[in-house]
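Asker: here is a sequence together with a model predicted from it:
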Protein chains: 2
Amino acid sequence: MRFTANRFRHLGRAFLPRHPAQAIALGFGTAIVVGTLVLMLPISKVGPGGAGPLEALFTATSAVCVTGLAVVDTATYWTTFGQVAILCLIQLGGFGIMSFASLLGVIMARRLGLKSRIQAAAETKSTGFGDVKSVLLGVLRITAMVELCAALLLALRFGLGYGHSFGQSLWLGFFHSVSAFNNAGFALFSDNLIGFVGDPWICMPIALAIIIGGLGFPVLFELGRHYRKPLHWTMNTKLVLTGTGILLAAGTAFISALEWNNPKTLGPLSAADKLLAGFFQSVMTRTAGFNSLDLGQMDPATWLGMDILMFIGGGPAGTAGGLKITTFAVLFFILLTEIQGGVAVNVFGKRLPRSVHREAITIVLLAVALVIGSTMALMLITDIGFDRLFFETVSAFATVGLSTGITASLPPAGQLLLVFLMFVGRLGPVTLASALALRARTPLYEFPKERPLIG
Amino acid sequence: MRFTANRFRHLGRAFLPRHPAQAIALGFGTAIVVGTLVLMLPISKVGPGGAGPLEALFTATSAVCVTGLAVVDTATYWTTFGQVAILCLIQLGGFGIMSFASLLGVIMARRLGLKSRIQAAAETKSTGFGDVKSVLLGVLRITAMVELCAALLLALRFGLGYGHSFGQSLWLGFFHSVSAFNNAGFALFSDNLIGFVGDPWICMPIALAIIIGGLGFPVLFELGRHYRKPLHWTMNTKLVLTGTGILLAAGTAFISALEWNNPKTLGPLSAADKLLAGFFQSVMTRTAGFNSLDLGQMDPATWLGMDILMFIGGGPAGTAGGLKITTFAVLFFILLTEIQGGVAVNVFGKRLPRSVHREAITIVLLAVALVIGSTMALMLITDIGFDRLFFETVSAFATVGLSTGITASLPPAGQLLLVFLMFVGRLGPVTLASALALRARTPLYEFPKERPLIG
Ligand SMILES: [K+]
Ligand SMILES: [K+]
């Protein structure tokens, strides 16, 4: 009898996650499976019959991983019920990744003995559970606040500027606000947001919600408490804010300049609208994935630049994807230190521990290998050119959701590869980064030094 | 009077190089200018008139930087005089880079207090000049030995197998042997070596000369003296030999597998010839640049794989280009250490100093930025697709010389960009690596540690 109970306990334990990374993977996996099943219900799809399993799986993964890539037209393929389901999945995914990554950050700060504003604020509560609660409540509060503000602004514009009914305006405002703050990029218009390319009343609230969601909870938390003392901000906050500013400005300049005279994108617009659209597309690479221009008509050189911006992504522990601004900032400061001939890698008057160097390199190398390998695999199973496939792969891995228009035409194996990339791209970098940082390392003995010739 | 003399001395000094890097840049620059002028002589070109300045500059740069990219057909555009001039430039460039990089290696080993077999062997001579002499003589000896052997083997085959006259056989054997050992990739046939795709008597001596030249002088020197004691080899030798073996095998498997059924490349060949051609193309990416297949007809996925192989390149201080096997080995072992949870990055029982980590990252990041930026520039001034332009850019920067066939059709600005890339790709990595390693670094004060969230 005892034996049986033990066996059951054992069985139960086998299904329970032992590490935070397993917990989040299990959570996201469950959400995707449930989402797939719900989207396969006939009530979710317009017209007779239900959605196919691949369409449902792809859409559910894209929503939970807040990517926004779509194999069917969100506006016309799904019923309002289906769209509400998608919205729930987006909110679940966005909230999930933001709180999970923030909690991992708290754990890391405590284990590594480093300063953390979140931790400091939670120190009044003596238990670890206090952290969890304060983080979850904090994320919830910020989410609700930003989403409500953006939803109201958008609803006003949809109602007053486009003559939608009261209920319809609220629904449109709410959907796009949630989709924006969670960096999901799903839209309820068949051409995404191309119809609003010159309307700052639609573009700006969406862009702001995206930027705020993409800064990440630790930055928002610190801005909320210490916005008057920028000199006391953590390195993380300084890097994310500076990096976001630089990437937004560089992206706007780059996209606007390259597409300025393209008759199929910015060409027909006024100068002001060109800059608005250039800025909006630049914001989308931090990794929201809406589009107010037809990306398929852009110059391949623009795609290449956007690939880089998307791969970098947003701030850590937010709703944005990519490898995170901070990861690339670490590489940039290593480069800068080498060129200047410095000894330690210093960032805003603080020294970067050497362990972070190696972690950043590891994450970037693995991601580059995965993205290039996946692109190569897609090249072998389709006839589509490298440009579009690489853009699609980066967009999926960085959970951006922008596309040159090939998603629906990929073979099932290609779409499944994108599903895999979205999942790994959403959970992989943050999980790997914390796993590397938290692992106990015991040096057994030290070898003598030797160096090869390089370069 | 004194004043005047001083002024002249000053003037003279301004033209003399102060650092080894300036010396080699000046040397290569002079060789390119003289080569350009010689190739512009009417005697160098078939038919009336002389070659245009861009054709001559491109060819001279390609020869001195042992790249092998060509805007005109080496076999029919140049006279025998012109071809001899090209051969001299190749030999000058190959010898120059091999001895310069080896000498830099000796200097680095001495300054950094590290073990170096070359240094150890030269220790009997007490002055630094002893090193210089022994290195130059050593490079000369190896060059002459390998080039003579390969030339004889090739001449025999050209004479016996293809019915060329005695003199013509010797000339063909000698030209292709020098072009091979120096990893130059120039050939005296309009279709490069496509005509010999199934002939191991031509392909194998060329492949061997290329591999030997690409191992680099420090490895060859050590193999010559200590070939019986592999356990005592330096880390550099172990890394280069292992890396070359892995890259050759992986490249052969990759190219053979992807092109196996391509009717325009490997398709029509027998299985044995497919493997020979796959192996030969794999060798060419270490970075010789001959071709026995029409690269323009390969699958774009094959190009992408070859891009990576070419970018990695050969061993340091040899005739091969690229960022060098050792540079990527450093990154690989950093990755491996992180994944295994190690504290120090150990390679074959020796510890990699942290300075090498940062140097390798710096070189790779700068090279990636240069190659992607150049590709983007070419995309803006041509209508050619990303695949072919990226291949061309990597091929020029890594001084490989393989092309999908677009070199001649690029606009003059594009060809000048390739000239720049060949020059920077040939001298940049080795110069930068030694500059970073040799710079004196003084820490002023240490900042407190802090780390951002990454991933
Ligand atoms: K997205
Ligand atoms: K070459």
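Answerer: Great, that's in hand. Ligands and ions are numbered 1, 2, ... in the order given.

Asker: buried set for the longest helix anywhere in chain A?
Answerer: Counting residues, the longest helix in chain A under DSSP state H turns out to be helix A:128-162. Judged by neighbour count using 16 or more other Cβ atoms under 10 Å in any protein chain shown, the buried positions of helix A:128-162 are A:131-132, A:134-135, A:138-139, A:142-143, A:146-147, A:149-151, A:153-155, A:157-159. Just so you know, the C-beta spots here come from the backbone N, C-alpha and C atoms, and that holds for glycine as well.

Asker: I'd like the next helix or strand past that helix.
Answerer: Next helix or strand after helix A:128-162 toward the C-terminus (DSSP states H and E): helix A:166-181.

Asker: what is the mean pLDDT for that next one?
Answerer: In this model, helix A:166-181 carries a mean pLDDT of 94.

Asker: beyond that helix, next helix or strand please.
Answerer: Sequence-wise, the next helix or strand downstream of helix A:166-181 (DSSP H and E) is helix A:200-215.

Asker: setting aside sequence neighbours, what's the nearest residue to the closest residue to ligand 2 within chain A?
Answerer: Closest approach between chain A and ligand 2, counting by Cβ to the ion: residue A:455, at 17.1 Å. Spatially, and ignoring its direct neighbours in sequence, residue A:455 is nearest to residue B:433 (2.9 Å; Cβ to Cβ, 6 or more residues apart in numbering or on different chains).

Asker: in the strand or helix carrying that neighbour, what counts as buried?
Answerer: Applying DSSP H and E as the criterion places residue B:433 in helix B:412-438. By 16+ other Cβ under 10 Å, the buried positions in helix B:412-438 come out as B:414-415, B:417-419, B:421-437.

Asker: can you list the weak-confidence ranges in chain A?
Answerer: For chain A, applying pLDDT under 70 flags the ranges A:1-18, A:112-130, A:440-446, A:449, A:451.

Asker: hmm, try it at 50
Answerer: Along chain A, the model assigns pLDDT under 50 to residues A:1-16, A:116-117, A:119-129.

Asker: tell me which other helices or strands the helix holding residue B:433 touches.
Answerer: helix B:20-40, helix B:53-64, helix B:80-111, helix B:354-381, helix B:386-397 (3 or more Cβ pairs under 8 Å, 6 or more residues apart in numbering or on different chains; DSSP states H and E).

Asker: quick revisit: could you check the angle helix A:166-181 makes with the longest helix of chain A?
Answerer: 130 degrees (axes from the mean of the first three to the mean of the last three Cα atoms, to 10 degrees).

Asker: output the contacting helices and strands for helix A:128-162.
Answerer: Packing partners of helix A:128-162 (3+ Cβ pairs under 8 Å, 6+ apart): helix A:80-111, helix A:117-122, helix A:166-181, helix A:200-215, helix A:217-226.

Asker: residues touching the residue nearest to residue A:455, list them.
Answerer: Residue B:433 sits next to A:453, A:454, A:455, B:327, B:359, B:363 when contact means Cβ atoms under 8 Å, 6 or more residues apart in numbering or on different chains.

Asker: how close does it sit to residue B:73?
Answerer: 36 Å (Cβ to Cβ, to the nearest Å).

Asker: equivalent analysis for residue A:53, please.
Answerer: Counting by Cβ to Cβ - residue A:53 and residue B:73 are separated by 56 Å.

Asker: kindly report the same for residue A:82.
Answerer: Applying Cβ to Cβ to residue A:82 and residue B:73 gives a distance of 62 Å.

Asker: tell me which of the two has more neighbours.
Answerer: Using other Cβ atoms under 10 Å in any protein chain shown as the criterion, residue A:82 and residue B:73 rank with residue A:82 on top: 23 against 14.

Asker: doesn't the residue of chain A closest to ligand 2 lie inside a helix?
Answerer: No: counting by DSSP: H, G, I helix; E, B strand; the rest coil, residue A:455 is located in no helix; its state is coil.

Asker: run a quick neighbour tally on it.
Answerer: Neighbour number of residue A:455 under other Cβ under 10 Å is 28.

Asker: show me the contacts for it.
Answerer: Residue A:455 makes contacts with B:316, B:323, B:324, B:327, B:359, B:363, B:429, B:430, B:431, B:432, B:433, B:434, as judged by Cβ under 8 Å, 6+ apart.

Asker: right, and chain B sits closest to which residue of the stretch 151-300 of chain A?
Answerer: residue A:236 (4.0 Å; Cβ to the nearest Cβ).

Asker: now for that residue, how many residues are close by?
Answerer: So residue A:236, with other Cβ under 10 Å, has 27 neighbours.

Asker: tell me who's in contact with the residue of the stretch 251-400 of chain A found nearest ligand 1.
Answerer: Here the stretch 251-400 of chain A gets closest to ligand 1 at one residue, residue A:289, 3.6 Å apart by Cβ to the ion. Listed by Cβ under 8 Å, 6+ apart, the contact set of residue A:289 reads A:67, A:68, A:69, A:183, A:184, A:185, A:395, A:399, A:400, A:401, A:402.

Asker: hang on, residue A:49 packs against residue A:42?
Answerer: Yes: contact criterion Cβ atoms under 8 Å: residue A:49 and residue A:42 qualify, at 6.2 Å.

Asker: of those two, which one has the most company?
Answerer: residue A:42 (12 against 8).

Asker: can you list the buried residues in whatever helix or strand residue A:240 lives in?
Answerer: Here residue A:240 sits within helix A:235-259, counting by DSSP H and E. Buried residues in helix A:235-259, defined by neighbour count with 16+ other Cβ under 10 Å: A:235-241, A:243-244, A:247-248, A:251-252, A:254-256, A:258-259.

Asker: which strands or helices does that helix pack on?
Answerer: Using 3+ Cβ pairs under 8 Å, 6+ apart, the elements in contact with helix A:235-259 are helix A:200-215, helix A:217-226, helix A:271-283, helix A:300-312, helix A:325-340, strand A:346-347.
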